[in-house]
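1. Pasting the sequence and the predicted model now:
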2 protein chains.
Amino acid sequence: MRYFISDLSKYVGERVELKGWVYNYRSSGKIKFLQLRDGTGICQCIFFKGECDENAFEIFKDITQETSVKVTGVVREEPRSPGGYELGAETLEIIAPSVDYPITPKEHGTDYLMNHRHLWIRSKRQHAILRVRSEIVSAIRSFFDGNGFTLTDAPIFTPSACEGTSTLFETQYFDEKAYLSQSGQLYMEATAAAFGKTYCFGPTFRAEKSKTRRHLIEFWMVEPEVAFNDLYDNMELAEQFVEYVVQRTITNRAEELKTLERDVSKLEVIKGPFPRIHYEEAAQMVKKENPDFIIGDDFGGTDETIISSKFDKPVFVHHYPTAVKAFYMKEEPSDPKYSLSVDMLATEGYGELIGGGQREENIEVLKKKIAEHGLNEEDFKWYLDVRRYGSFPHSGFGLGVERTVAWICGIPHIRETIPFPRLYGRNYP
Amino acid sequence: MRYFISDLSKYVGERVELKGWVYNYRSSGKIKFLQLRDGTGICQCIFFKGECDENAFEIFKDITQETSVKVTGVVREEPRSPGGYELGAETLEIIAPSVDYPITPKEHGTDYLMNHRHLWIRSKRQHAILRVRSEIVSAIRSFFDGNGFTLTDAPIFTPSACEGTSTLFETQYFDEKAYLSQSGQLYMEATAAAFGKTYCFGPTFRAEKSKTRRHLIEFWMVEPEVAFNDLYDNMELAEQFVEYVVQRTITNRAEELKTLERDVSKLEVIKGPFPRIHYEEAAQMVKKENPDFIIGDDFGGTDETIISSKFDKPVFVHHYPTAVKAFYMKEEPSDPKYSLSVDMLATEGYGELIGGGQREENIEVLKKKIAEHGLNEEDFKWYLDVRRYGSFPHSGFGLGVERTVAWICGIPHIRETIPFPRLYGRNYP
């Protein structure tokens, strides 16, 4: 029988054996305290002289931070304890030592911590962030699985550098070149015709030589695509989706968000409907506070912050100028200067959470756009087939997992939102 | 209001609008039949002259396989119909044509179908397989999420070619080289110390120049790792896990497995306990039928089939010779010739489903093994830290998703188990 700290409430009054690592410890005369960490929680183990095994005090002298140990004792309720339970400890056994553990309670530089990421994740704060991440990923998948979507994984290896090689990772794929996927969207358009509602969810790669708080080289993205959905259906789906993910996460990870000192009241209000504004309206907002902004351009990070600061819910900005969006974005039929595109900007200055829109379904228009963008039609042969055989209006979007984690956790830098971040200049550990 | 074919049972007697693609059609005097496919199911739409819109018969003349259409009509129960419902059709509208659809009911060669994979997935059989895949992925995640595991995604980019470059994909990662992950295991050993029970689930890559029924270049793998689990705990976990995935899939995807003509009785019995045999016992079994087999060697595909054919449940083979397993496998303390490794072989000749075991936790032994395997200790610096600071016994395994899909679907070739397969010589579409 294996006992975990997260389950202690079930064993009050019972003798259990816990295995884990020493998170903290102190002595006070005839009483010794050991905070035991087992990955599922932290439990205070109290050794009283005379009540515990007589060797325990001797063994206690050898423990250090992160020593792996086995402790037995009786579970009791203790409202003052973190988690609400503690262990009246009886025996202590050292499994393996930990000499000069590199991460101490003192401050360490970021680079040092990133070099010790494999150990840093044991700390309370990193543990909490990654537990939130795990819940967010689970909520994302539950939402789509529960709403009739079929998961259709997009390939990572793709045959052509459709939109230029500047931010693409390239590899030798036997006798040819292959490129690592930056988005599964084009593939989802094909699978939407087969399954109606589809999504992919996997790592994507961008070789960007930028060191910002918002960028990772390797990041996870979920991309739903729905046949016969238009721009407005797409916004409705995105709204329901983000509400679900946020609300489920703050319910299931309340403790972790408390550890992170997240002001959850700012997340409790993330419920539909979300405000929707036309690009022109957003551009006017930006222009007022950033006079250098040129109406017609795409928004930069600070521009997004200007827009989102006006709202306490995520805001949809739709109908971006056709000129700033990708070739596959459908033009607004009543005014082709604008596209049926939409971004969702997070609250609190966290920037773009979602990018998407309605795709061009007319094969002739699409061919023209491919040529206009200087792309090679031959590279899009299979993609054009989706229009050649029973074309259909369709829409979808992509949501970046790491930005969502940063937003929900309320942390400033994306590098802490993934177990082993890959950044410009960092591919270790 | 959007109606889907999978939901028709809710709308009996009601007028609905369906959007999708023509799967099949035929005329018979004053009655016309259209099988409509919308990705969630197929619905027979029946047009009676005099009862439907007068234009419908005229429009019907223009439909072809995979034309996208909108059909309105009244839902009725019809036990003889696939799905149990049909549409008393009223109007028909063509959304977009489909001229000379490349995949017809006649036989096509494999290469032709693979070149048209983006369309082939619309066919009944491929649709069923990928629906099963989606369910299997969901079941895998539910099992771990529901059993206290934390998802800790392993990185795809890894800094060193730890075990040689022969089957590794390499890419230029800014100023250095990076290699695409073949397994997240080493990373999971570090996260197990932080979260107790962890798993990763993502794509992995092997540059193998082999064209077998069982190999993909890009495949998805789930890898759990549990702190303080030994070899036997590991088998128990694997057993519960595989039982859960199989039983949930045959329940939730009964219709798709029927489409695939899968003999589900062979899967209904996949319930623990699974037989467990020592390598030596397995080797004797093989030797009897394959006299060329050398005891002490690893098993090949045909050897695995010999072993698994003796059982109607998956079989664990444990304690492989240390010499044929990776450097991190712990040796059996009572006889270091054997390792605390375990593979699970599927029934019906589907080969290895799971590979795993207990990891070496002694840093000195591990350093010796790294040297013996001709590896560079420097490459394992962070990995050795997991032993340096509070080492702990731990075990885990990896399960390949595509082999599991092939097995549960009962299909001979792995290339149909993933939406866009990557094979030796194939990186398209």
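-> Thanks, I have it. Residues are numbered from 1 along each chain as shown, chains lettered A, B, ... in the order given.
2. The stretch 1-150 of chain A: strands as residue ranges?
-> With strands called from DSSP state E, counting those that start in this stretch, the stretch 1-150 of chain A shows them at A:15-28, A:31-37, A:42-48, A:68-77, A:85-96, A:150-151.
3. For those, give me CSV that also has distance to chain B and mean neighbour count.
-> For the C-beta atoms, the positions are set from N, CA and C on the backbone; glycine is no exception. Shown next, in CSV, are the strands of the stretch 1-150 of chain A (distance: least, C-beta to the nearest C-beta, whole Å; neighbours: other C-beta atoms under 10 Å in any protein chain shown):
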stretch, distance to chain B, mean neighbour count
strand A:15-28, 5, 18
strand A:31-37, 9, 20
strand A:42-48, 12, 21
strand A:68-77, 4, 20
strand A:85-96, 4, 20
strand A:150-151, 4, 24
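4. Tabulate those strands in a markdown table, adding columns for mean pLDDT and distance to B:Pro419.
-> Shown next, in a markdown table, are the strands of the stretch 1-150 of chain A (pLDDT from 0 to 100; distance: least, C-beta to C-beta, whole Å):
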| stretch | mean pLDDT | distance to B:Pro419 |
| --- | --- | --- |
| strand A:15-28 | 97 | 41 |
| strand A:31-37 | 97 | 41 |
| strand A:42-48 | 97 | 43 |
| strand A:68-77 | 98 | 43 |
| strand A:85-96 | 98 | 45 |
| strand A:150-151 | 98 | 9 |
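5. Just send these back as a markdown table, with distance to B:Arg388 too.
-> Compiled in a markdown table, the strands of the stretch 1-150 of chain A are given as follows (distance: least, C-beta to C-beta, whole Å):
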| stretch | distance to B:Arg388 |
| --- | --- |
| strand A:15-28 | 13 |
| strand A:31-37 | 17 |
| strand A:42-48 | 22 |
| strand A:68-77 | 11 |
| strand A:85-96 | 9 |
| strand A:150-151 | 39 |
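6. Any idea which of those gets closest to A:Phe327?
-> strand A:150-151 (26.5 Å; C-beta to C-beta).
7. OK, now which residue of the stretch 1-150 of chain A is nearest to chain B?
-> A:Gly39 (2.7 Å; C-beta to the nearest C-beta).
8. contacting residues around the residue nearest to that residue when sequence neighbours are not counted?
-> Closest residue to A:Gly39 apart from its sequence neighbours, by C-beta to C-beta, 6 or more residues apart in numbering or on different chains: B:Gly196 at 2.7 Å. B:Gly196 makes contacts with A:Phe4, A:Gly20, A:Asp38, A:Gly39, A:Thr40, B:Gly148, B:Thr150, B:Val226, B:Ala227, as judged by C-beta atoms under 8 Å, 6 or more residues apart in numbering or on different chains.
9. Next, the contact list for the third one, please.
-> Read it as A:Asp38. A:Phe4, A:Ile5, A:Leu18, A:Lys19, A:Gly20, A:Trp21, B:Gly196, B:Ala227.
10. hang on, isn't the fourth one packed against A:Thr67?
-> No. Between A:Lys19 and A:Thr67 there is no contact, the gap being 11.9 Å when judged by C-beta atoms under 8 Å.
11. Overlap in contacts, those two.
-> A:Ile95.
12. what residues are up against the residue lying closest to A:Arg15 once chain neighbours are set aside?
-> Among residues not flanking A:Arg15 along the chain, A:Val74 sits closest, at 5.4 Å (C-beta to C-beta, 6+ apart). By C-beta under 8 Å, 6+ apart, the residues touching A:Val74 are A:Gly13, A:Glu14, A:Arg15, A:Val16, A:Leu87, A:Gly88, A:Glu90.
13. how close does A:Val74 sit to A:Glu90?
-> Counting by C-beta to C-beta, to the nearest Å, the gap from A:Val74 to A:Glu90 is 7 Å.
14. ditto for A:Phe420
-> Counting by C-beta to C-beta - A:Phe420 and A:Glu90 are separated by 39 Å.
15. before we move on, what about A:Glu66?
-> A:Glu66 is 23 Å from A:Glu90, by C-beta to C-beta.
16. ok, now A:Gly425?
-> According to C-beta to C-beta, A:Gly425 and A:Glu90 sit 50 Å apart.
17. For the stretch 251-400 of chain A, what lies in contact range of chain B?
-> Within the stretch 251-400 of chain A, the positions adjacent to chain B are A:Glu361, A:Trp382, A:Tyr383, A:Asp385, A:Val386, A:Arg387, A:Arg388, A:Tyr389, A:Gly390, A:Ser391, A:Phe392, A:Pro393 by C-beta under 8 Å from any C-beta of the partner chain.
18. Residue most distant from the centroid, chain A?
-> Distance from the C-alpha centroid of chain A, by C-alpha atoms, centre = their mean, peaks at A:Gly50 (49.4 Å).
19. Kindly state the domain boundaries assigned to chain A.
-> Domain assignment for chain A by automatic domain parsing gives A:5-96, A:117-417.
20. picking up where we left off before, please convert the contacts of B:Gly196 to JSON lines, extending it with distance to A:Ile217.
-> Formatted as JSON lines, the contacts of B:Gly196 follow (distance: C-beta to C-beta, whole Å):
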{"residue": "A:Phe4", "distance to A:Ile217": "35"}
{"residue": "A:Gly20", "distance to A:Ile217": "34"}
{"residue": "A:Asp38", "distance to A:Ile217": "33"}
{"residue": "A:Gly39", "distance to A:Ile217": "28"}
{"residue": "A:Thr40", "distance to A:Ile217": "31"}
{"residue": "B:Gly148", "distance to A:Ile217": "31"}
{"residue": "B:Thr150", "distance to A:Ile217": "23"}
{"residue": "B:Val226", "distance to A:Ile217": "30"}
{"residue": "B:Ala227", "distance to A:Ile217": "30"}
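21. So which of these are in helices?
-> In helices, defined here by DSSP state H, there are no members of the contacts of B:Gly196.
22. what about the helices in chain A?
-> Taking DSSP H as the criterion, chain A carries its helices at A:56-60, A:110-115, A:117-120, A:124-146, A:185-195, A:231-252, A:254-259, A:265-268, A:279-289, A:301-308, A:363-372, A:381-388, A:401-409.
23. For A:Asp175, find the nearest of these.
-> helix A:381-388 (20.0 Å).
24. avg pLDDT for that closest one?
-> Mean pLDDT, computed over helix A:381-388, is 98.
25. That one versus strand B:85-96: what angle between them?
-> On the basis of axes from the mean of the first three to the mean of the last three C-alpha atoms, to 10 degrees, helix A:381-388 is oriented at 110 degrees to strand B:85-96.
26. which residues are contacting helix A:381-388?
-> A:186, A:189-190, A:193, A:361-363, A:366-367, A:377, B:96, B:98-99, B:102, B:116, B:118-119, B:428-429.
27. Nearest to chain B: which residue in the stretch 201-350 of chain A?
-> Per C-beta to the nearest C-beta, A:Phe228 is where the stretch 201-350 of chain A lies closest to chain B, at 4.7 Å.
28. Next: the stretch 51-200 of chain A.
-> A:Gly196 (2.7 Å).
29. Could you list everything the residue nearest to A:Arg15 pairs with in the sheet?
-> A:Arg15, A:Gly88 (DSSP bridges).
30. what's the burial count for A:Glu348?
-> Using other C-beta atoms under 10 Å in any protein chain shown, the number of residues around A:Glu348 comes to 14.
31. wait, what's in contact with it?
-> A:Glu348 touches A:Lys266, A:Ser308, A:Trp407, A:Gly410, counting by C-beta under 8 Å, 6+ apart.
32. Alright, calling it a day.
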